[in-house]
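**Q** everything below, folded, please.
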Amino acid sequence: MIEIVSPGDESWQKQPFYAAHDVDEILIVDPAERAVHWLALTDGKYRTVERSRVIELGPVDLAARIDWPGDRLRAIYQCAHSALCRALCENVAGATGSAA
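**A** Purely as a prediction, here's the structure:
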């Protein structure tokens, strides 16, 4: 299973669900940290591993191969997200007759 961390998500909290369904390994990819956390199910709990039991790869190897979004892309995303939030707030304020 691959989880990609985004602001406000619950990637880390999903481990009990995956364990209950016998998911052998979880990869939690965190673009903000530019890190990959590889977890393997052992005795009903997930533990960090250095190498996958399924494929010949580990978290450091995978992180090195990822083309992480650059600062410019992150700035564009944040700007677009802010603009969208402002537009939504203005629409809500206009619909309710209140000031944003």
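
**Q** lowest-pLDDT helix or strand in the protein?
**A** Ranking every helix and strand in the chain by mean pLDDT, DSSP states H and E puts helix 71-96 at the bottom, with a mean of 58.

**Q** could you list the low-confidence segments of the chain?
**A** 70-100 (pLDDT under 70).

**Q** and this structure, what are its domains?
**A** With domains defined by automatic domain parsing, the chain comprises 1-68, 69-100.

**Q** the helix or strand containing residue 39: which residues count as buried?
**A** Using DSSP states H and E, residue 39 falls within strand 35-42. Residues of strand 35-42 classed as buried by neighbour count (16 or more other C-beta atoms under 10 Å): 35, 36, 37, 38, 39, 40, 41. Quick note: C-beta positions are derived from backbone N, CA and C, even for glycine.

**Q** out of these, flag the one nearest to residue 65.
**A** Using C-beta to C-beta, residue 36 comes nearest to residue 65 of the buried residues of strand 35-42, at 9.5 Å.

**Q** list the contacts for the closest one?
**A** Residue 36 sits next to 27, 28, 29, 30, 59, 60, 62, 63, 66 when contact means C-beta atoms under 8 Å, 6 or more residues apart in numbering.

**Q** mind putting the residues you listed in CSV, neighbour count included?
**A** Conversion of the contacts of residue 36 to CSV gives the following (neighbours: other C-beta atoms under 10 Å):
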residue, neighbour count
27, 17
28, 21
29, 20
30, 16
59, 20
60, 13
62, 16
63, 17
66, 12
